[in-house]
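**Student:** what's the 3D shape of this:
(chains A and B)
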Protein chains: 2
Amino acid sequence: MTAQLARKIHLLLATCRPACCNCSTCRRMVQTTAAMFNFLLKMALRSRPPTRAELASAEVLVTTAPLLGSTLYSLPRLQWAQLTFAGVEKLMQFYQPDKPAPPFAVTRMASTAFSRELAEWVLAAVLGHERGFGRLWAAQRRRAWTQSTYTYRPVSELTIGVLGTGQMGREVGLLFKKLGCTVNGLSRTEKTADDAFDNMFTSDHLSEFLRSADYLCSVLPSTPSTRHLLTAARLADLPRRPVLVNAGRGDLITERELVAALRVGSLSGAVLDVFENRAAAGRTANSGTWSRWVTISPHVANLSRPELVCAAFLENLERFTGGRPLLHRVEWDRGY
Amino acid sequence: MTAQLARKIHLLLATCRPACCNCSTCRRMVQTTAAMFNFLLKMALRSRPPTRAELASAEVLVTTAPLLGSTLYSLPRLQWAQLTFAGVEKLMQFYQPDKPAPPFAVTRMASTAFSRELAEWVLAAVLGHERGFGRLWAAQRRRAWTQSTYTYRPVSELTIGVLGTGQMGREVGLLFKKLGCTVNGLSRTEKTADDAFDNMFTSDHLSEFLRSADYLCSVLPSTPSTRHLLTAARLADLPRRPVLVNAGRGDLITERELVAALRVGSLSGAVLDVFENRAAAGRTANSGTWSRWVTISPHVANLSRPELVCAAFLENLERFTGGRPLLHRVEWDRGY
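**Tutor:** So this is what the prediction gives:
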């Protein structure tokens, strides 16, 4: 399989033929190709896109969402596509609900390590905001010593509201629970509290959820039900004036509504890794409301590092060769 | 006791007469005065200093180190002084080793909550530095989108070197251990690894300790043995080019040696809550090496909030009235 794998891995998109069965030899081969695959994937992520002919012959693909989308209905031999990032909205743009769904499986980039790294960014954002490092840097530039106005809350007194309770939301919840925070989760479907969440809310109780939080941390994907979920009106009258920390997708709230909520003080700040319109965010990032209350981070909360993509792919490859269900499979009708 | 306590609490310095014995009535009184004492202490911390006569009559004091120092040998009735901050170097300036040591007990401000808040600042500093929020803010000011050069390490891959393994160091260690880091402790005396530290080093193995760390986090007090412990020479040839995070005392390293270590790249950055010379740090904070590699924080890692001072005092007051040993007692010959 090694030589085949090496020949078939292409560029930004990598293809491979899986092992023939789930015998111990094949499984060992899957394991021992990890290091080589990691190297090849690094190369692949840096070079030319595959040709149409290469795509048409592929049985398994490791690819990005826009590339897969652009060729979604012309992959005759494809059995499974592993995406290299978590978001699938750029794949969904190409999906046509009136046509039969593509017959192959698509799996999103996800793994405990990948989710944990996102959770660590959220923790860095929350602690950095609570301890005012943004204001400290501004003071340092002015050569000012601003101790007198300095306040913070102990971490254990904070209530963290996590929007999204899938694998990423769970890692965020677990991390804050370790630090003694109260963690509330907002979930699409009814769920019960567990080791990652003290309390669970469904969108029927959105306003109760929003009122309970000191920090609103979103890891939500972009789907019809999450797009513009937060509005200035929904954020009004929140007694704790929470800080929005967005590591999910930028269309959770429009820039206009976000600025409105910050201006009237419904939100007391925002740390944003994602934006509905990245170009606009770049232009406005140092002006007025944005420079005063918003910290922007250029979509780096968790990077799809080759070793993480490789680990996620190999985990699913073992399942694929063994005929077991794949993890983190995209559901066309749910939109992620 | 309540009325007596109320009468005798003064200003920045508070005095009180302890309950007469350790009977359940007295102990309950100690407990029920907590709320009132908290209020009085808040007032006390904001108003006039005590008179000489008030000091001369005090049996118990809640005071700052410089105030206690200035009257160290003229407190005839004093049995115990509780300090409102952790550092005692400004008290030690007044201590005269050739005279008999003051006959009363002095206890430093310390409690699990107080130490934990310092540990949370250290965590905020480490995560903020690892995720490059300083560079992100600089990019935001320039309206730049700097994703391409962005890297970070997962928290669990970091080795945290903690200088100081007392209560504060332990809280730092425990917090990083919860996040899966390897935590090494540098201790004055031989200690064994425990739930806060994976490995313990004494100063005999300082260079081994320094070489092992990605972050060097100091919570050391200022004593003859910690002053200028770090030098550019001792920091040379550290393979991991650690970041110095100082939440202890600023005289751990001179400004000159720190700048030298940053310039040659022995250290890859510094987050400093304390300075040998605060005025100089304020002046230079936005210039050259400092603005490029150093984040300054104006001695706010853990604030002696009245409720924390009150809790620490009341914990020791119960011990005092019960004739039990006081916690966090200053040892004159050790210097803290």
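
**Student:** count of neighbours near the residue nearest to A:R283 when sequence neighbours are not counted?
**Tutor:** Spatial nearest neighbour of A:R283, excluding adjacent residues (C-beta to C-beta, 6 or more residues apart in numbering or on different chains): B:R143 at 6.4 Å. The way it works is simple: take the backbone N, C-alpha and C, and place the C-beta from them, glycine included. Neighbourhood size, B:R143 [other C-beta atoms under 10 Å in any protein chain shown]: 16.

**Student:** quick one: B:R143 and A:T254, what's the gap?
**Tutor:** B:R143 sits 20 Å away from A:T254, taking C-beta to C-beta, to the nearest Å as the criterion.

**Student:** now do A:Q147
**Tutor:** A:Q147 is 38 Å from A:T254, by C-beta to C-beta.

**Student:** same question, A:R77
**Tutor:** Taken as C-beta to C-beta, the span from A:R77 to A:T254 is 42 Å.

**Student:** higher neighbour count, these two?
**Tutor:** Each of A:R77 and A:T254 has its neighbours counted (other C-beta under 10 Å); A:T254 has more, 17 against 12.

**Student:** make sure that one is actually in contact with A:H228.
**Tutor:** Yes: between A:T254 and A:H228 there is a contact at 6.3 Å, judged by C-beta atoms under 8 Å.

**Student:** surely the residue nearest to A:R283 is within a strand?
**Tutor:** No: counting by DSSP: H, G, I helix; E, B strand; the rest coil, B:R143 is not found in a strand; it is coil.

**Student:** got phi/psi on it?
**Tutor:** In terms of degrees, to the nearest 10, the main-chain angles of B:R143 are phi 60, psi 40.

**Student:** for A:R116, phi and psi?
**Tutor:** When quoted as degrees, to the nearest 10, the phi and psi of A:R116 stand at phi -60, psi -40.

**Student:** how many residues are close by it?
**Tutor:** The local packing of A:R116 (other C-beta under 10 Å) involves 22 other residues.

**Student:** what's near enough to touch it?
**Tutor:** Listed by C-beta atoms under 8 Å, 6 or more residues apart in numbering or on different chains, the contact partners of A:R116 are A:E171, A:L175, B:P154, B:S156.

**Student:** now A:V294
**Tutor:** Counted by C-beta under 8 Å, 6+ apart, A:V294 has contacts A:L258, A:L262, A:G269, A:A270, A:V271, A:L272, A:A285.

**Student:** ok, what's across the strand from it?
**Tutor:** Using DSSP bridges, the beta-bridge partners of A:V294 come out as A:A270.

**Student:** and it, what pLDDT?
**Tutor:** What the model reports as pLDDT for A:V294 is 93.

**Student:** name the nearest residue to A:Q93, sequence neighbours excluded.
**Tutor:** Computed as C-beta to C-beta, 6+ apart, the closest residue to A:Q93 that is not its neighbour in sequence is A:G69, at 6.1 Å.

**Student:** from A:L210, how far out is that neighbour?
**Tutor:** Distance from A:G69 to A:L210, by C-beta to C-beta: 34 Å.

**Student:** just the strands from the stretch 151-300 of chain A, written as ranges.
**Tutor:** Using DSSP state E, counting those that start in this stretch, the strands found in the stretch 151-300 of chain A span residues A:159-163, A:182-187, A:199-202, A:215-218, A:243-246, A:269-272, A:294-296.

**Student:** ignore what I typed, I meant the stretch 1-150 of chain A.
**Tutor:** Taking DSSP E, counting those that start in this stretch to define them, one finds strands in the stretch 1-150 of chain A at A:14-16, A:60-63, A:80-83, A:105-107.

**Student:** what comes into contact with the third one?
**Tutor:** Counting by C-beta under 8 Å, 6+ apart, strand A:80-83 makes contact with A:59-65, A:68, A:75, A:91, A:104-109, A:309, A:312-313, A:316, A:320, A:326, A:330, all of which sit outside it.

**Student:** wait, what's in contact with A:Y95?
**Tutor:** Residues near A:Y95 by C-beta under 8 Å, 6+ apart: A:G69, A:L72, A:A101, A:P102, A:W332.

**Student:** among those residues, the buried ones, what's the PyMOL command?
**Tutor:** Buried members of the contacts of A:Y95 can be picked out in PyMOL with the line below, counting by 16 or more other C-beta atoms under 10 Å in any protein chain shown:
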select buried, chain A and resi 69+72+102
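
**Student:** how about the contacts of A:Y95, which pair is most distant?
**Tutor:** Spanning the widest gap among those are A:G69 and A:A101, at 13.7 Å by C-beta to C-beta.

**Student:** so where do the helices sit in chain A?
**Tutor:** Ranges of helices in chain A, per DSSP state H, are A:2-8, A:24-44, A:52-57, A:65-70, A:89-92, A:112-130, A:133-142, A:167-178, A:206-212, A:255-264, A:278-284, A:288-293, A:306-321.

**Student:** could you give me the average pLDDT of the last one?
**Tutor:** It refers to helix A:306-321. Across helix A:306-321, pLDDT averages out at 83.

**Student:** again with the longest one
**Tutor:** Model confidence over helix A:24-44 averages 49 on the pLDDT scale.

**Student:** start to end distance for stretch A:99-113?
**Tutor:** One end of stretch A:99-113 sits 36 Å from the other (C-alpha to C-alpha, to the nearest Å).

**Student:** check whether it contacts chain B.
**Tutor:** Yes: counting by C-beta under 8 Å from any C-beta of the partner chain, chain B is contacted by stretch A:99-113 at A:A113.

**Student:** in that stretch, which residues are buried?
**Tutor:** Within stretch A:99-113, the residues scored as buried using 16+ other C-beta under 10 Å are A:P102, A:F104, A:A105, A:V106, A:T107, A:R108, A:M109, A:A110, A:S111, A:A113.
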